[in-house]
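Undergrad: structure for this input, please:
(one chain, ligands or ions: 1)
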Amino acid sequence: MRSGQPWPAPVESPSELRLDDGARIGVIGGGPAGSFFSYFLLDMAGRVGLDLEVDVYEPRDYTRPAPYGCNMCGGIVSESLVQTLATEGIILPPETIERGIDSYVLHTDVGSVRIGTPTHEMRIAAVYRGAGPRDAAEGSATRSFDGYLQKLAVGKGARVVRERVSNVERTNGRFAVKRKGADPVSYDLVAVATGINSGAKTLLDGLDLSYRPPRATKTVIQEYRLGEEGVRRTIGTSMHVFLLDIRRLEFAAVIPKGEYATICLLGEDIDKALVDDFLSSAPLRRCLPVAEQPPCHCSPRIAVQGAFRPYDDRLLFIGDCGVTRLYKDGIGAAYRTAKAAAKTVVFHGVAAADFERHYWPACYAITKDNTLGGWIFSATRLVQRMRFARRAILRMVAREQRETGMPRMSMILWDLFSGSAPYRDILKRGMHPTFLARLAGDLVAALAVPQDVHQEEVAR
Ligand SMILES: Cc1cc2nc3c(=O)[nH]c(=O)nc-3n(C[C@H](O)[C@H](O)[C@H](O)COP(=O)(O)OP(=O)(O)OC[C@H]3O[C@@H](n4cnc5c(N)ncnc54)[C@H](O)[C@@H]3O)c2cc1C
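TA: Okay, the predicted model is just below:
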């Protein structure tokens, strides 16, 4: 059984395992999930007077550019996450924000439209996870988003061990963390937050767990250095999203960051042929003419289905190696799962039964929402195939951006691109009778008058 099913099998004999003063926690991986978990764990423990020791194992050096300091990602932090973090007292420092995004531009083969922020504020942040791309300028050491989160965890008392964990083994009912050339270190709880790009499963080989890792697929990220002026002239402060009829391509975006443009391609096993198709497509070339191979590019994997049973006695999986959101807001999912995990550990216990009762519901809520996300992406795929449907959507958005009133299609697309809202809310908006009636009208009009919609027509 995988996490697509409503609830995992009941745990046979739930044990009562709680952490006492002086308990030791090993966190494997210091990306967003590991850092958020350590931060909230130490924060909550401090509030109830529980004294914990937290070691975070993380080989990356976030003061260095890619590949040494980068956790490969599009780097969009949605406005809802920026706000939620602010309510936690976590305010992103200006040096980590490469660009405030104030609009989206939707590009298709039949035209393009700009969608302004519903609130006219630049609250979406484009960040670098490390200290920038491979050829980033010196002096960019404090720009890393992951580095900032790690500092927060260290500020609460976490200790960073800058080394890779090679293996986890079971000793006397506890887990011990092994590194090359060092003695194993035993912990009262091990939190695995390794993401999905370095094999959490092999780390745990031989432990006989029911855990099954998430299903994942290959993506592509490319960083083009345009210079500040080049970015301003081409993509500006908008994120550019492409709805193109290219097989296996679910989502393509160009994101402005400092003096770079980040191209991000998500879909089914993105390969070179698909990248070439995208780079040579007319809509991309109109927006960002790129000729040569970028100096910084990577092919990270992205989870498309959550893990099964991301916990055991004294062991849990958070962030991407547990459950994350489909194609969007992975950092937000890391925050939510990490906080739920920390709460469970401090207030309930570290037995599998505790995780099942108090941690799994947070994961399951994301899994359930991903099912709805899957339906939305299926509908998007249909639109990708039908030229008149693309025209209808552009017409609708263009009109909404000119008029006052409820911009329903614009808001659906905004939330879909930014990851700001759950898929459930997006679907609910898409089912509204007024929206459906207007969409039907635009579909008929687009069939009757097959006219392209050009950006110049869009009043902001
Ligand atoms: C192409 C692409 C674009 C994306 N765009 C966005 C976006 O715009 N916005 C967004 O919110 N999300 C985005 N995501 C998703 C986001 O990157 C992830 O959801 C997020 O990074 C998950 O955080 P994590 O901490 O679980 O894992 P990671 O960020 O992968 O961190 C895992 C950490 O564990 C460390 N580690 C691994 N193995 C070991 C080991 N054996 N020992 C010690 N340490 C180890 C790694 O060095 C790493 O630092 C994107 C993903 C992809 C692939």
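
Undergrad: nearest residue to the middle of the chain?
TA: By Cα atoms, centre = their mean, the mean C-alpha position of the chain lies nearest to residue 330, the distance being 2.1 Å.

Undergrad: list the buried ones in stretch 59-76?
TA: Within stretch 59-76, the residues scored as buried using 16 or more other Cβ atoms under 10 Å are 60, 62, 64-66, 69-76. (C-beta placed from N, C-alpha, C; glycine too.)

Undergrad: no wait, stretch 179-196
TA: Of the residues in stretch 179-196, those buried (16+ other Cβ under 10 Å) are 179, 185-196.

Undergrad: quick check, nearest of these to the ligand?
TA: residue 195 (2.2 Å; Cβ to the nearest ligand atom).

Undergrad: what is the neighbour count of the closest residue to the closest one other than its chain neighbours?
TA: The shortest distance from residue 195 to any non-neighbouring residue, by Cβ to Cβ, 6 or more residues apart in numbering, is to residue 320 (4.4 Å). Using other Cβ atoms under 10 Å, residue 320 is surrounded by 32 other residues.

Undergrad: residue 320 touches residue 34, doesn't it?
TA: No: between residue 320 and residue 34 there is no contact under Cβ atoms under 8 Å: 10.8 Å.

Undergrad: follow-up on the earlier one: OK, contacts around the residue lying closest to the residue nearest to the centre of the chain once chain neighbours are set aside?
TA: Nearest residue to residue 330 in three dimensions, chain neighbours excluded: residue 324, at 4.8 Å (Cβ to Cβ, 6+ apart). Applying Cβ atoms under 8 Å, 6 or more residues apart in numbering, we find residue 324 in contact with 214, 303, 306, 330, 333, 334, 337, 366.

Undergrad: ok, the residue nearest to the first one when sequence neighbours are not counted to residue 192 distance?
TA: Ranked by Cβ to Cβ, 6+ apart and with sequence neighbours excluded, the top spatial neighbour of residue 214 is residue 303, at 3.9 Å. Counting by Cβ to Cβ, to the nearest Å, the gap between residue 303 and residue 192 amounts to 14 Å.

Undergrad: just residue 287 next, same as before
TA: Residue 287 is 40 Å from residue 192, by Cβ to Cβ.

Undergrad: residue numbers of the stretch 301-450 of the chain in contact with the ligand?
TA: Within the stretch 301-450 of the chain, the positions near the ligand by Cβ under 6 Å from any ligand atom are 302, 319, 320, 324, 329, 330, 331, 332, 334.

Undergrad: turn the residues you listed into TSV, including pLDDT.
TA: Compiled in TSV, those are given as follows (pLDDT from 0 to 100):
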residue	pLDDT
302	95
319	97
320	97
324	97
329	95
330	97
331	97
332	97
334	98
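
Undergrad: determine which two of those are furthest apart.
TA: When Cβ to Cβ is used, the two most widely separated members of those are 302 and 332, lying 14.5 Å apart.
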